[in-house]
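Asker: Below is the sequence, then the predicted model.
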Amino acid sequence: MEDLKEFRKKVLKVTGKRVHKITNSAGVREAYRWLKKNKMIPSSESEFYKIVSTVHKEAIKDLAEGKEFKFPYRMGKLEVRQSNTYIKFEEGKLKTNRAIDWGETLKLWYEDEEALQNKTLVRKERNVRYFIFYNKHNANYENCTFIRFRPNRSLHSIVAHSIENNNISTYKI
């Protein structure tokens with residue numbers, strides 16, 4: 001019989017390292033090339049990357065402390081918000097927006113074959129959900145509605161760790 005680690009790898013279909021690929025987004029390298037092409041950047045490529053890295057670290061630090069991170073030139077701000085979770089019945093079906101606790105779900109599936117067959121999910125017990133929000137309310141640039149911010153996994157995990165340690169206060173919506 002396989003142990004929990006092997007079962008987890010089999011269910012999650014983990015065979016090696018993750019390959020992250022972003023296909024529809026302009027990154028730091030594209031920004032540097034555009035700025036260089038339009039002669040708008042006086043620094044070298046390595047200095048530009050250091051500046052961007054420093055700004056990213058400051059944003060992560062502010063969000064992990066529960067502060068908002070304001071972008072310069074009225075380009076909006078990043079903030080951590082919270083909303084209430086719910087559990088309700090609609091048309092005979094259970095509806096909820098609570099997050100799935102994948103660690104506990106996989107343990108249940110490992111121990112109970114019927115739960116695996118039925119794909120029974122274990123939900124987290126929190127009454128609030130937290131998310132990172134890009135607030136464009138006071139932003140002053142064209143095409144605001146076409147900009148979307150999707151934080152990466154590492155930023156999510158840093159903010160989640162701060163929330164679990166109660167180091168964060170948020171806006172409630």
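Answerer: Structure received.
Asker: Report whether Phe89 is found in a strand, as I expect.
Answerer: Yes. According to DSSP: H, G, I helix; E, B strand; the rest coil, Phe89 belongs to a strand.
Asker: Let me see the contact set for it.
Answerer: Lys95 (C-beta atoms under 8 Å, 6 or more residues apart in numbering). Any C-beta I mention is one placed from the backbone N, CA and C, and that applies to glycine too.
Asker: any idea how far Ser43 is from it?
Answerer: Distance of Phe89 to Ser43, given as C-beta to C-beta, to the nearest Å: 59 Å.
Asker: you'd agree Arg81 is in a strand?
Answerer: Yes. Assigned with three-state DSSP, Arg81 falls within a strand.
Asker: ok, it to Thr54 distance?
Answerer: 26 Å.
Asker: These two: which is more packed in?
Answerer: Arg81 (16 against 10; other C-beta atoms under 10 Å).
Asker: pretty sure Ser157 is in a helix, no?
Answerer: Yes. Counting by three-state DSSP, Ser157 is found in a helix.
Asker: do you know how far it is from Ala64?
Answerer: Taken as C-beta to C-beta, the span from Ser157 to Ala64 is 10 Å.
Asker: and the two? which has more neighbours close in?
Answerer: Ala64 (19 against 11).
Asker: So the more buried one is in contact with Ile158, correct?
Answerer: Yes. Assessed by C-beta atoms under 8 Å, Ala64 is found in contact with Ile158 at 5.2 Å.
Asker: all strands for this protein, in order.
Answerer: 69-70, 77-84, 87-90, 93-96, 128-135, 171-172 (DSSP state E).
Asker: which helices and strands sit right next to the longest helix along the chain?
Answerer: For the chain, the longest helix by residue count, based on DSSP state H, is helix 45-64. Contact partners of helix 45-64 among helices and strands, from 3 or more C-beta pairs under 8 Å, 6 or more residues apart in numbering; DSSP states H and E: helix 28-37, strand 69-70, strand 77-84, helix 153-164.
Asker: closest one to Gly16 among those?
Answerer: Nearest of the helices and strands packed on helix 45-64 to Gly16, taken as C-beta to C-beta: helix 153-164 at 16.9 Å.
Asker: Sketch out the low-pLDDT regions of this protein for me.
Answerer: For the chain, the stretches flagged by pLDDT under 70 are 1, 22-25, 167, 169-173.
Asker: first to last residue in stretch 97-104, what's the distance?
Answerer: End-to-end span of stretch 97-104 (C-alpha to C-alpha, to the nearest Å): 17 Å.
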